[in-house]
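In: the sequence isn't on hand, but the structure is:
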C-alpha cells in the first residue's frame with residue numbers, strides 16, 4: 001500500500017566482467033501487483049458483454065494433421081468421388097504465417113465426424129492419420145497415461161483441442177479477427193473464415209471492422225501491453241485473453257462514430273494486405289519495425305528505410321493516427337490525453353460496466369449471437385432491452401453485495417464513475433443488498449481516498465478521480 005521505487009533496466013553491458021555497467025531508470029509511486037506504476041489494471045473485472053467471442057485457435061496434438069497442397073490432392077481433395085472433403089481440408093495459419101509469409105499449409109479438420117464415417121467417406125485421409133497421428137498419441141499415453149492423453153488417443157482423428165466453443169461463434173462469418181499471441185508488435189487483422197487458426201493465434205469472432213479498428217487503436221494496444229504478459233528472449237508482449245480482451249471496455253459509440261471506425265478499420269486492413277501482396281519479401285514484422293522507427297524518431301536501419309519507402313509507411317502511420325483520434329472521440333477523451341490518462345479512463349469504465357452488469361445492464365458486442373447463449377446468466381429482473389444494449393432505463397433491482405474486497409471496490413468505483421455527482425456513503429450503500437454494507441462502504445472509501453483513487457468533498461461525499 002505504501003509508495004516505493006520501481007527501477008527498470010534500460011541498458012546493461014559487461015555482465016561477464018569485473019566491472020559490469022547497468023543503467024537504470026527509476027520512478028517512484030504506488031507499485032501495483034504486476035510491478036507497474038500508475039493505473040492498476042490487475043483490478044479490472046472480466047465483462048460478460050465480451051463473453052464467447054475470444055479464444056485461442058485449435059491445438060492439433062499431431063503433426064500429421066498438417067499437409068501440403070500436393071499431399072491433400074493425394075488424399076482426395078478435389079476429386080469428384082470424395083465429395084465434401086474441401087470442408088475438412090482447409091488453409092491453416094500459425095503465428096509465423098501472419099507475422100512473416102504464409103507457408104500455404106493445409107490442415108485436416110474432422111471435428112464432428114466419427115472414425116467410422118471418415119473411414120467410409122475418406123479412406124485415404126483415415127489411413128494417413130492412422131499412420132501419423134495415432135502412433136504418436138499412443139506413445140504419449142504409454143509414457144504418461146493421464147486422462148487427457150487417454151481422451152486424445154480415443155479420438156485420435158480429431159484435434160486435441162478442436163475449440164468446440166469457438167466454432168459456433170465463427171459459424172456464418174465470412175471473416176474474423178486474429179492476432180498473434182506472442183509478438184513484437186500487436187497487430188490485429190482479418191482472416192478468411194475458411195482459415196483454421198493455430199493455438200498460438202488469438203481469435204475474436206466478429207467481422208465488424210469497427211471492433212478491428214478499436215482493437216488496433218493505441219488505447220487498446222496500451223491496455224494490452226500493460227495487462228498482458230511478456231515472453232521469450234526478445235521479451236515480446238503476450239496477448240492474454242483473460243486479461244487483455246475479457247475486461248476491456250469497448251466504447252459506447254454512436255452510430256456515426258461506429259461507422260467512421262468501421263471505415264477506418266476496413267482501410268487499415270486493406271492497405272496492409274495490398275502492400276504485402278505488392279512486395280513478396282515484405283512481412284508485417286518488417287512493416288511495423290519501420291513504423292516503430294518512424295514513430296519513435298530513431299534512425300532507420302537500411303532495411304527499415306527501404307521498407308518504409310516502398311510500403312508507404314507514412315500512410316500506415318496516418319491510418320493508425322486517424323483510428324486513434326476516432327477511438328478517443330468515441331471514449332470522450334481529449335486528443336492530448338496521456339497514455340496513463342487513457343488507461344485510467346478505461347479502468348474507470350471497466351468498473352462502471354462491471355457495476356452495471358451486476359444489475360443486469362449489458363452492452364453486448366454481438367447481441368444476436370451472445371444473448372441466446374449467455375443472456376440467461378444475467379441478473380434476474382433485467383429488461384430485454386437492456387440485454388440488447390439499448391438506452392432503456394436500467395433495472396431497479398439492487399445488486400448483491402459481494403464478499404471479496406476486490407469486487408466490492410470495483411463495484412463502488414463503478415457506481416461513482418456512472419454518477420453525475422458525488423455520492424455519500426449512505427447513497428452508495430443503498431445501491432446494494434446485504435448485511436453490513438454501509439460499514440464496508442465507509443471503510444473502503446477511506447482506503448480509496450488514502451490511495452488517491454477518490455476524493456472527499458467538503459460535504460462528506462465521494463467522487464472518483466479519473467481522467468477528463
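Out: Looks like it arrived, so ask away. On a predicted model such as this, the values are computed, not experimentally measured, just so you know. Residues are numbered from 1 along each chain as shown.
In: distance from the host helix or strand of residue 351 to the middle of the chain?
Out: In the assignment (DSSP states H and E), residue 351 maps to helix 339-358. Helix 339-358 sits 16 Å away from the centroid of its parent chain (Cα atoms, centre = their mean, to the nearest Å).
In: where does pLDDT dip in the stretch 1-150 of the chain?
Out: 1 (pLDDT under 70).
In: can we see that at 90?
Out: Across the stretch 1-150 of the chain, the ranges flagged by pLDDT under 90 are 1-6, 8-11, 15-16, 18-19, 27-43.
In: thinking again about what came up before, pull out the buried residues from the very next helix or strand once past the helix holding residue 351.
Out: Later in the chain than helix 339-358, the nearest helix or strand by DSSP H and E is helix 367-374. Buried residues in helix 367-374, counted by 16 or more other Cβ atoms under 10 Å: 367, 369-371, 374. Where C-beta positions appear, they are placed from N, C-alpha and C, glycine not excepted.
In: need the worst-confidence member of those.
Out: Among those, residue 374 carries the weakest pLDDT, at 85.
In: quick one, what contacts residue 304?
Out: 286, 289-290, 293 (Cβ atoms under 8 Å, 6 or more residues apart in numbering).
In: repeat that with 7 Å
Out: By Cβ atoms under 7 Å, 6 or more residues apart in numbering, the contact list for residue 304 reads 289-290, 293.
In: and for residue 331?
Out: So residue 331 contacts 219, 251, 345 (Cβ under 7 Å, 6+ apart).
In: helices or strands up against the helix holding residue 351?
Out: Identification of packing neighbours for helix 339-358 by 3 or more Cβ pairs under 7 Å, 6 or more residues apart in numbering; DSSP states H and E yields helix 218-227, helix 405-418.
In: turn those into CSV, columns for mean pLDDT, mean neighbour count and distance to residue 246.
Out: Output for these, formatted as CSV (pLDDT from 0 to 100; neighbours: other Cβ atoms under 10 Å; distance: least, Cβ to Cβ, whole Å):
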stretch, mean pLDDT, mean neighbour count, distance to residue 246
helix 218-227, 95, 22, 10
helix 405-418, 79, 20, 14
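In: next, format these as CSV and append distance to residue 33.
Out: As requested, the helices and strands packed on helix 339-358 are arranged in CSV below (distance: least, Cβ to Cβ, whole Å):
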stretch, distance to residue 33
helix 218-227, 12
helix 405-418, 11
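In: ok, which of those helices comes nearest residue 104?
Out: helix 218-227 (29.3 Å; Cβ to Cβ).
In: between the closest one and helix 339-358, how many degrees?
Out: Angle, helix 218-227 to helix 339-358, by axes from the mean of the first three to the mean of the last three Cα atoms, to 10 degrees: 90 degrees.
In: how many neighbours does the closest residue to residue 217 other than its chain neighbours have?
Out: Leaving aside its sequence neighbours, residue 217 sits nearest to residue 327 (Cβ to Cβ, 6 or more residues apart in numbering; 3.9 Å). If you count neighbours by other Cβ atoms under 10 Å, residue 327 ends up with 26.
In: list the contacts of residue 327.
Out: When contacts are counted by Cβ under 7 Å, 6+ apart, residue 327 is found next to 214, 217, 219, 261.
In: check the residues you listed against residue 403 and report the nearest one.
Out: Nearest member of these to residue 403, counting by Cβ to Cβ, is residue 219, at 32.7 Å.
In: my guess is that closest one contacts residue 342. True?
Out: Yes: the pair residue 219 and residue 342 qualifies as a contact (Cβ atoms under 7 Å) at a distance of 5.4 Å.
In: just to revisit the earlier point, average pLDDT for the helix holding residue 351?
Out: Here the average pLDDT along helix 339-358 is 93.
In: that one vs helix 405-418, what angle?
Out: Interaxial angle, helix 339-358 versus helix 405-418 (the same axes, to 10 degrees): 100 degrees.
In: ok, back up a step: want to try CSV for the buried residues of helix 367-374, with distance to residue 98 as columns?
Out: Output for the buried residues of helix 367-374, formatted as CSV (distance: Cβ to Cβ, whole Å):
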residue, distance to residue 98
367, 29
369, 25
370, 26
371, 31
374, 29
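In: per-residue pLDDT, the residue nearest to residue 217?
Out: Per the predicted model, pLDDT is 97 at residue 327.
In: quick one, phi/psi of it?
Out: Phi and psi for residue 327, reported as degrees, to the nearest 10, are phi -70, psi -40.
In: which secondary structure element contains the residue nearest to residue 31 when sequence neighbours are not counted?
Out: Excluding the flanking residues, the one nearest residue 31 by Cβ to Cβ, 6+ apart is residue 4, at 4.7 Å. Residue 4 is part of strand 3-13 when elements are defined by DSSP H and E.
In: residue 72 too?
Out: Here residue 72, judged by DSSP H and E, is contained in helix 69-74.
In: can you list contacts of that helix?
Out: With Cβ under 7 Å, 6+ apart, helix 69-74 has contacts from 89, 104, 106.
In: ramachandran angles for the first one?
Out: Translated: residue 89. phi -120, psi 110.
In: surely it meets residue 78?
Out: No: between residue 89 and residue 78 there is no contact under Cβ under 7 Å: 9.5 Å.
In: more neighbours, the two?
Out: When neighbours are counted by other Cβ under 10 Å, residue 89 and residue 78 differ, and residue 89 comes out ahead with 26 against 12.
In: tell me which residues touch that one, please.
Out: Contacts of residue 89 by Cβ under 7 Å, 6+ apart are 72, 77, 106, 108.
In: how does it look with 10 Å?
Out: The contact partners of residue 89, by Cβ atoms under 10 Å, 6 or more residues apart in numbering, come to 65, 67, 69, 71-73, 75-78, 82, 106-110, 122, 125, 196.
In: which of the residues you listed fall in helices?
Out: Members of these lying in helices (criterion: DSSP state H): 69, 71-73, 125.
In: would you mind checking those residues for buried ones?
Out: By 16+ other Cβ under 10 Å, those give 71-72, 125 as buried.
In: just to revisit the earlier point, what pairs with the next helix or strand after the strand holding residue 4, and is each one parallel or antiparallel?
Out: As assigned by DSSP H and E, the chain's next helix or strand after strand 3-13 is strand 21-30. When pairs are called by DSSP bridges, strand 21-30 turns out to pair with strand 3-13 (antiparallel).
In: if we go by neighbour counts, what in the partner strand is buried?
Out: Quick answer for strand 3-13 (16+ other Cβ under 10 Å): residue 6.
In: and if you look at stretch 265-275?
Out: Of all the residues in stretch 265-275, those buried under the rule 16+ other Cβ under 10 Å are 265, 267-269, 272, 275.
In: what residues does it touch?
Out: So stretch 265-275 is contacted by 175, 177, 187-190, 208-217, 282, 284, 287-288, 307, 310-313, 315-316, 319-320, 322-323, 326 (Cβ under 10 Å, 6+ apart).
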